[in-house]
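K.L.:
Quick one, fold the following:
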Amino acid sequence: MLKPTLTTLTTALILLTAIPVKAGNFETQLQQKLTPEEAQIHKQMGNAKANQIARDACTAFDSGSTVTEFATKIVLAMISEGGTQEQMVAKASYSGKVIAVGVANFCPKHLQKLQETQVPTL
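P.N.:
Here you go, the predicted structure:
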């Protein structure tokens, strides 16, 4: 379950960095990018938790963590919460969007790091 979920999260990060995102209102930009299923996840998590994940990503990248290391940490936390494979994939896609929009808003100097990330092979 780790590899497919990590692949989904990483793919979401890469795809979103290909779309220009200007710094602005994090919550508004994030909600504009969510699918209906991801919007449900966001409603359960809330803006504060999403904001914290985004800022944690910036802190991790400032400290030298790779995108894969941080993504793996997020995926392992999701797995510990449990759920079906479909739920894990939706959470991973949501988390990828949170991180990508967060980096664009809170630490744009790390956007290139996201763009250079390779999708893990299954």
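
K.L.:
for the chain, what helix or strand is lowest in average pLDDT?
P.N.:
Ranking every helix and strand in the chain by mean pLDDT, DSSP states H and E puts helix 2-18 at the bottom, with a mean of 60.

K.L.:
Phi and psi next, for Leu114.
P.N.:
Here is the backbone geometry of Leu114 (degrees, to the nearest 10): phi -70, psi -40.

K.L.:
And the residue sitting nearest the centre point of the chain, how far from Asp62?
P.N.:
Taking CA atoms, centre = their mean, the centroid of the chain lies closest to Gly96, which sits 2.2 Å from it. From Gly96 over to Asp62 the distance is 19 Å, taken as CB to CB, to the nearest Å. No exception for glycine: its C-beta is placed from N, CA and C like everyone else's.

K.L.:
same question, Lys109
P.N.:
Lys109 is 9 Å from Asp62, by CB to CB.

K.L.:
Over to Glu38?
P.N.:
In terms of CB to CB, Glu38 sits 26 Å off from Asp62.

K.L.:
which ones are touching Thr35?
P.N.:
By CB atoms under 8 Å, 6 or more residues apart in numbering, the contact set of Thr35 is Ser93.
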